[in-house]
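Colleague: can you look at this prediction? I've put the sequence above it.
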Amino acid sequence: MILSASRRTDLPNYYVNWLIHRLQEGFVLVRNPMNPHQISRIPLSPSVVDCIVFWTKNPENMLSRLGDLSAYPYYFQFTLTSYGRDIEPYLPNKKDCLIPVFQSLAARIGKDRMVWRYDPILLNMRYTVSYHLDAFAQIAERLRGCTEKVVISFVDLYSKTQRNTRGLSITPPQGKVLLNMVQHLVRIAANNGMVVETCSETIDLQDLGVQHGHCIDARQIERIIGVPLRGKKDRNQRVTCGCMESIDIGAYHTCGNGCKYCYANFSPQKVAETVRLYKETSPLLCGQIGPKDHIIERNVQSFREEQLRFDREMDG
């Protein structure tokens, strides 16, 4: 099993203590966002968790807790953009705080377990193509030697995104503007020892040296754990998503970053209402088990090929 922590919220930033409690107790409860009264009980034994993929914009709170993760392979997807507080209102300063955090984490765990995400890319009067290229170059230079890969995507204007960005006049880069921009990003990344991949994009940029990426990346996990995996493509994600199947242990409407382009939060009011229910010792993130809730034991297993071979030998 691959554990996603989390597409739905910034666990490393806001819920480190909860996460460590869950790993220590060996299970977590996760509410089904499509069927709220259905709760899955997911075992978290190192024998079934092949890798944890962390998604974050600020993992500073995890730096002192890495020892608590020693039984688990993991890597970080660290989103680090050039936006100000008009777009990402509750993140600390990028130059003075977040870039040093990225550097510190990479020094602790190695560049092979760090993925830089410069996404989503959006344009308006302030965040022009020139602005992005200059900022990307500055960040890439400071992250040289800290990662080998940078992931990009282009903003999707979902209804929630349009509502939350009203007045900012944002658009995604398109056509020749997009192609020219990506060409420059690839050059800058290469000059700093990085390759560029896209996330859930239909556009084919291979002629520019950009591959379709996989956030839950079987190849990267196999390199980290040193064992082949037998997992399949995640059918619960978008058609354009190439991620390996995983189980997400986060919850929507719980992230305090407040990013205007976010699809995981409905509104600041909904987030405030949800996080009031947070208890770091609870098996359920930001919630309580009600009388109508039904807990189902989730049957999970390791994707490691060595385990599969061992099972077959035992059966024989």
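Modeller: Sure, I can see it. Numbers count the residues shown, from 1 in each chain.
Colleague: now stretch 174-194, how far from the centre of its chain.
Modeller: Distance, stretch centre to chain centre, for stretch 174-194: 22 Å (C-alpha atoms, centre = their mean, to the nearest Å).
Colleague: identify each buried residue in the top helix by length along the chain, please.
Modeller: Longest helix in the chain, counting residues (DSSP state H): helix 175-191. Within helix 175-191, the residues scored as buried using 16 or more other C-beta atoms under 10 Å are 178, 181-182, 184-186, 188-189. Every C-beta, even on glycine, is put in place using the N, C-alpha and C of the backbone.
Colleague: you'd agree residue 59 is up against residue 15?
Modeller: No: with contact defined as C-beta atoms under 8 Å, residue 59 does not count as touching residue 15 (11.6 Å).
Colleague: between the two, who's got more neighbours?
Modeller: Set residue 59 next to residue 15 and count neighbours by other C-beta atoms under 10 Å: residue 15 wins out with 27 against 23.
Colleague: tell me which helix or strand in this protein has the weakest average pLDDT.
Modeller: Sorting the helices and strands of the chain by mean pLDDT, DSSP states H and E puts helix 305-315 at the bottom, at a mean of 53.
Colleague: follow-up on the earlier one: other SSEs contacting the longest helix of the chain?
Modeller: In terms of contacts (3 or more C-beta pairs under 8 Å, 6 or more residues apart in numbering; DSSP states H and E), helix 175-191 is packed against helix 129-142, strand 149-154, strand 195-198.
Colleague: hmm, who's touching the first one?
Modeller: In this case it means helix 129-142. 80, 82, 94, 99, 103, 116, 118, 121, 123, 150, 173, 177, 180-181, 184-185, 188-189, 191-192, 194 (C-beta atoms under 8 Å, 6 or more residues apart in numbering).
Colleague: on that earlier part again, closest one of the buried residues of helix 175-191 to residue 43?
Modeller: Residue 43 has its nearest neighbour among those in residue 189, at 38.8 Å by C-beta to C-beta.
Colleague: from residue 144, how far out is the closest one?
Modeller: Computed as C-beta to C-beta, to the nearest Å, the residue 189 to residue 144 distance reads 10 Å.
Colleague: that's a strand at residue 115, yeah?
Modeller: Yes: applying DSSP: H, G, I helix; E, B strand; the rest coil, one finds residue 115 inside a strand.
Colleague: just to revisit the earlier point, so for the longest helix of the chain, mean pLDDT?
Modeller: The pLDDT scores in helix 175-191 average 98.
Colleague: could the C-alpha coordinates of that helix be exported in CSV?
Modeller: The C-alpha atoms that make up helix 175-191 are tabulated as CSV, following Å, rounded to 0.1, in the frame of the first residue of the first chain:
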residue,chain,number,x,y,z
GLY,A,175,-0.8,28.4,-26.9
LYS,A,176,2.5,29.9,-27.9
VAL,A,177,2.8,31.7,-24.6
LEU,A,178,2.7,28.3,-22.8
LEU,A,179,5.2,26.7,-25.1
ASN,A,180,7.7,29.5,-25.0
MET,A,181,7.4,29.6,-21.2
VAL,A,182,8.0,25.9,-20.8
GLN,A,183,11.0,26.0,-23.1
HIS,A,184,12.6,28.5,-20.8
LEU,A,185,11.6,26.6,-17.7
VAL,A,186,13.3,23.4,-19.1
ARG,A,187,16.5,25.3,-19.8
ILE,A,188,16.6,26.9,-16.3
ALA,A,189,15.9,23.5,-14.7
ALA,A,190,18.6,21.7,-16.7
ASN,A,191,21.1,24.4,-15.7
